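Q: Sequence first, then the predicted structure, then my questions.
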Amino acid sequence: MSKLYLNEPPKNNLEVPHPKKETIAFLLSYSKALVVNDYETFQFETVLN
């Protein structure tokens, strides 16, 4: 059983996932709209659309 975990996976079969352009655009627009306000010990997160 230990031999199964000690072997490294083959590097030829690994594929790097690439996000869609729509996903990147959504995350960028969300981060632009996100505002974090600090008040004393509280943090308020607001999404401005």
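A: Structure's in. What do you need? Numbers count the residues shown, from 1 in each chain.

Q: show me where this protein has strands.
A: In the chain, the strands defined using DSSP state E lie at 34-39, 42-47.

Q: Using JSON lines, please lay out the ones you listed together with mean pLDDT, distance to residue 25 and mean neighbour count.
A: To be clear about C-beta, it is placed using only N, CA and C from the backbone, and glycine gets the same treatment. Converted to JSON lines, the strands of the chain look like this (pLDDT from 0 to 100; distance: least, C-beta to C-beta, whole Å; neighbours: other C-beta atoms under 10 Å):
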{"stretch": "strand 34-39", "mean pLDDT": "89", "distance to residue 25": "15", "mean neighbour count": "9"}
{"stretch": "strand 42-47", "mean pLDDT": "89", "distance to residue 25": "16", "mean neighbour count": "8"}
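
Q: For residue 28, which of those strands is the nearest?
A: strand 34-39 (10.9 Å; C-beta to C-beta).

Q: by how many degrees do that closest one and strand 42-47 diverge?
A: 160 degrees (axes from the mean of the first three to the mean of the last three C-alpha atoms, to 10 degrees).

Q: Only C-alpha atoms, please: export strand 34-39 in PDB.
A: Output of strand 34-39 as PDB, limited to C-alpha atoms (Å, rounded to 0.1, in the frame of the first residue of the first chain):
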ATOM      1  CA  LEU A  34     -16.600  45.400  -4.100                       C
ATOM      2  CA  VAL A  35     -16.100  48.100  -1.400                       C
ATOM      3  CA  VAL A  36     -14.900  47.200   2.100                       C
ATOM      4  CA  ASN A  37     -15.600  49.800   4.700                       C
ATOM      5  CA  ASP A  38     -14.000  49.700   8.100                       C
ATOM      6  CA  TYR A  39     -15.800  51.000  11.200                       C
END
